[in-house]
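A.B. asks: quick check, what structure comes out for this input:
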Amino acid sequence: MNRQGIGVALVFAGIILYGIVHITTLMYLPTVMTYSTQWGKYLQAMYDSGGLIAFIVSIVLFLIGVFLLLPKSIFSAKGVMSEIRERDREFNEQYGTRETQ
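C.D. replies: Numbering: from 1, shown residues only. Reported below is the predicted structural model:
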């Protein structure tokens, strides 16, 4: 499986896992009457229902998937510039140079 395939699978897995955690948290939310932390009612319900670790894993899966979907050349400016020069050279060889005024 190539890099893009793994990236798509991880993004999809992260979204599905987050959806499951979100649904279970919303189902547990009405039972949270008081919370003593600064997290708020939603994250307290997520913690009480045991979904906090799955929530973190879903975010990590999503971010790794997005990272794998980004092209390699975006992380190195040298790679981008050399690719532009190479394509420009190929274009000039095939179609000739364009005269500027």
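A.B. asks: and the residue lying closest to residue 60 once chain neighbours are set aside, how far is that from residue 21?
C.D. replies: Nearest residue to residue 60, sequence neighbours excluded (C-beta to C-beta, 6 or more residues apart in numbering): residue 14, at 7.6 Å. (C-beta placed from N, C-alpha, C; glycine too.) Going from residue 14 to residue 21 by C-beta to C-beta, to the nearest Å gives 11 Å.
A.B. asks: same question for residue 27.
C.D. replies: 11 Å.
A.B. asks: do the same with residue 52
C.D. replies: 9 Å.
A.B. asks: any residues in contact with both of these two?
C.D. replies: With contacts taken as C-beta atoms under 8 Å, 6 or more residues apart in numbering, the residues that reach both residue 52 and residue 21 are residue 46.
A.B. asks: higher neighbour count, these two?
C.D. replies: Applying other C-beta atoms under 10 Å to residue 52 and residue 21 shows that residue 21 carries more neighbours, namely 21 against 16.
A.B. asks: element containing the more buried one, please.
C.D. replies: According to DSSP states H and E, residue 21 maps onto helix 3-28.
A.B. asks: list the contacts of stretch 34-44.
C.D. replies: 25, 29, 32, 47, 52.
A.B. asks: which of the residues you listed are buried?
C.D. replies: Buried residues within these, counting neighbours by 16 or more other C-beta atoms under 10 Å: 25, 32, 47, 52.
A.B. asks: identify the residues contacting the first one.
C.D. replies: This means residue 25. The neighbourhood of residue 25, defined by C-beta under 8 Å, 6+ apart, consists of 42, 45, 46, 49, 51.
A.B. asks: please, where are all the helices along the protein?
C.D. replies: In the chain, the helices defined using DSSP state H lie at 3-28, 41-48, 52-69, 77-95.
A.B. asks: quick one: low-confidence parts of this protein?
C.D. replies: Within the chain, the stretches with pLDDT under 70 are 73-79, 98-101.
A.B. asks: quick revisit: burial count for the residue nearest to residue 60?
C.D. replies: Count around residue 14 with other C-beta under 10 Å applied: 20.
A.B. asks: now stretch 12-30: how far from the chain's centre is it?
C.D. replies: With C-alpha atoms, centre = their mean, to the nearest Å as the basis, stretch 12-30 stands 17 Å off its chain's centre.
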